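> Let's see this in three dimensions:
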Amino acid sequence: MLIFHCIPWGTWQSHRFLRNAAGSGYVAVSLFFVLSGFILTYVHASPGRAPLDRRDFYVNRFARIYPTYLLVLALIAPFYVVHTIRVEGVARLVKGASAVLLLLQAYFPSLAMVWNPPAWSLSDEAFFYALFPAIAARLAPSRRSVAAAVGLGCFAVSLLAPLAYLWLAPDGPASATATSDSHGFWIDALRYEPIARLPEFVVGVVLGRLYLDDEVRRRCDAHAALGATLSVIAIAAVLACSSAIPYPLLHNGLLAPLYAILIVALAAGRGPLASFLASKPLVNLGEASYALYIIQIPLLVLWIKTVALVAGERGSLPAVGVASQIGFLFFAVAASL
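Numbers count the residues shown, from 1 in each chain. Have a look, this model is predicted:
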């Protein structure tokens with residue numbers, strides 16, 4: 001996702017797989033939503049655990065995401081304020097800033113990408129956190145068959161809105177060829193609206209509920225290494241031909257089943273991939289992944305302006321060369337750590 005947001009992957013004409021994979025970086029958000037539901041359920045809804053204290057849960061979730069979120073907004077606040085006032089006016093600034101500070105920007109498609117674009121997914125996550133205690137209270141004690149049916153239903157619902165968008169073409173003829181660069185009220189609503197992305201989170205909650213079942217976990221653990229390998233191969237195959245898959249489907253939930261297999265396979269901690277990801281450097285990167293996700297665009301703004309200032313010219317990241325692009329990647333990872 002760092003490369004998707006910050007590197008000009010569209011110019012990689014001689015590397016089709018890498019271009020398609022980098023250009024599909026947005027699918028990581030779907031993985032994030034499924035994984036979030038799984039981890040919250042695994043931690044808070046395990047058998048024998050005391051009932052979830054909603055107040056503590058909400059306070060801990062707020063403490064986990066909001067301080068870093070606010071710090072990163074502060075980093076580029078001067079650029080955001082000056083640009084918005086000059087181009088769009090004070091009213092737009094007040095409206096956008098209020099939505100972002102209150103984690104409400106995803107509810108308004110035209111405001112979802114203001115100030116710090118990747119932060120829209122935190123607006124969705126805040127909605128998921130608000131609903132999680134109620135969802136977990138109903139799914140955790142449910143029968144295995146019921147939980148599985150809910151998961152399958154949510155997967156189907158996650159694809160329903162993209163299919164409806166492609167069929168109805170509410171944004172006009174361009175709806176059929178929508179890409180990550182497309183904009184319009186309905187494609188933006190499909191991307192960002194919390195209610196449209198909730199099914200992916202619930203798939204993760206169901207996955208956590210099923211994995212907490214001893215029999216299910218034993219079966220998953222027995223085939224963990226194979227499951228991890230096959231799911232990674234399948235995900236890579238989908239990304240390799242992503243340019244041939246309708247963007248709304250791939251963006252919103254098409255890969256959720258493969259993510260589910262990968263998550264439960266890695267949860268067992270078996271096989272070479274799990275061992276590699278459990279190494280200390282990778283664990284440290286994993287712990288810094290939220291910071292990297294939320295800080296990448298603000299750092300890119302600062303990096304571009306600094307490099308342009310040093311070079312004595314106005315430019316963009318592509319204009320200052322490959323060395324600067326690589327340097328930025330290392331800088332961003334170091335800053336997140």
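> Next, the distance between the ends of stretch 309-321.
15 Å (C-alpha to C-alpha, to the nearest Å).
> whoops, stretch 5-12 was the one
This stretch, stretch 5-12, spans 15 Å end to end (C-alpha to C-alpha).
> I'd like the distance from that stretch to the chain centre, please.
The chain centroid and the centroid of stretch 5-12 are separated by 19 Å under C-alpha atoms, centre = their mean, to the nearest Å.
> What of stretch 294-314?
Centroid displacement of stretch 294-314 relative to its chain, using C-alpha atoms, centre = their mean, is 24 Å.
> With stretch 274-294 instead?
With C-alpha atoms, centre = their mean as the basis, stretch 274-294 stands 15 Å off its chain's centre.
> What is the end-to-end distance of that stretch?
Stretch 274-294 end-to-end distance (C-alpha to C-alpha) = 25 Å.
> List the contacts of it.
Residues external to stretch 274-294 that are found in contact with it (C-beta atoms under 8 Å, 6 or more residues apart in numbering): 1-2, 65, 68-69, 72, 116, 118-119, 122, 224-225, 228, 265-266, 268-269, 332-333, 335-337. For glycine as for every other residue, the C-beta is placed from the backbone atoms N, C-alpha and C.
> What are the boundaries of the helices in the stretch 201-337 of the chain?
Assigned by DSSP state H, counting those that start in this stretch, the stretch 201-337 of the chain shows helices spanning 214-222, 224-240, 247-252, 256-267, 272-277, 280-287, 289-311, 322-336.
> now swap in the stretch 51-200 of the chain and tell me
Under the criterion DSSP H, counting those that start in this stretch, the stretch 51-200 of the chain contains helices at 54-75, 77-87, 90-101, 120-139, 144-168, 185-192, 194-211.
> same question for the last one, mean pLDDT?
So that's helix 194-211. Averaged across helix 194-211, the pLDDT comes to 96.
> next one: the fifth one
Taken as a whole, helix 144-168 carries a mean pLDDT of 95.
> Go ahead and measure how far that helix is from the middle of the chain.
19 Å.
> That helix packs against which elements?
Under the contact criterion of 3 or more C-beta pairs under 8 Å, 6 or more residues apart in numbering; DSSP states H and E, helix 144-168 touches helix 185-192, helix 194-211, helix 247-252, helix 256-267.
> same thing but at 10 Å, please
Packed against helix 144-168, as judged by 3 or more C-beta pairs under 10 Å, 6 or more residues apart in numbering; DSSP states H and E, are the following elements: helix 27-44, helix 120-139, helix 185-192, helix 194-211, helix 214-222, helix 247-252, helix 256-267.
> What is the burial count for the residue lying closest to residue 61 once chain neighbours are set aside?
Leaving aside its sequence neighbours, residue 61 sits nearest to residue 129 (C-beta to C-beta, 6 or more residues apart in numbering; 4.7 Å). Neighbourhood size, residue 129 [other C-beta atoms under 10 Å]: 21.
> Check whether residue 129 really touches residue 66, as I assumed.
No. At 11.1 Å, residue 129 and residue 66 do not qualify as touching, with contact defined as C-beta atoms under 10 Å.
> shared neighbours of these two, anything?
Residues touching both residue 129 and residue 66 (C-beta atoms under 10 Å, 6 or more residues apart in numbering): 103, 122.
> circling back to that earlier point, for the helices and strands packed on helix 144-168, which one sits closest to residue 147?
When the helices and strands packed on helix 144-168 are compared by C-beta to C-beta, helix 194-211 sits nearest residue 147, at 4.8 Å.
> which parts of that closest one are buried?
Within helix 194-211, the residues that count as buried by 16 or more other C-beta atoms under 10 Å are 194, 196-211.
> ok so, going back, can you tell me which of the helices of the stretch 201-337 of the chain comes nearest to residue 111?
For residue 111, the closest of those is helix 289-311, at 15.7 Å, according to C-beta to C-beta.
> show me where pLDDT drops low in the stretch 151-300 of the chain?
Of all residues in the stretch 151-300 of the chain, none has pLDDT under 70.
> Isn't residue 244 up against residue 20?
Yes. Residue 244 is within contact range of residue 20, at 9.2 Å (criterion: C-beta under 10 Å).
> Counting neighbours, go ahead and name the busier of those two.
Between residue 244 and residue 20, counting by other C-beta under 10 Å, residue 20 is the more crowded of the two (19 against 7).
> For residue 176, see how far away the more buried one is.
19 Å (C-beta to C-beta, to the nearest Å).
> still on that earlier bit, mean neighbour count, the helices and strands packed on helix 144-168: which tops it?
helix 194-211 (a mean of 25; mean count of other C-beta atoms under 10 Å).
> Residue 245 - how many residues pack around it?
Residue 245 has 15 neighbours, counted by other C-beta under 10 Å.
> what's near enough to touch it?
Per C-beta under 10 Å, 6+ apart, neighbours of residue 245: 20, 24, 238, 239, 251, 254.
> give me phi/psi at it?
Main-chain dihedrals, residue 245, degrees, to the nearest 10: phi -100, psi 130.
> low-confidence ranges in the stretch 1-150 of the chain?
For the stretch 1-150 of the chain (pLDDT under 70), the answer is 13, 48.
> rerun that using 90 as the cut-off
Scanning the stretch 1-150 of the chain with the threshold set as pLDDT under 90 gives 1-25, 45-53, 140-142.
> roughly how far apart are residue 193 and residue 150?
In terms of C-beta to C-beta, residue 193 sits 21 Å off from residue 150.
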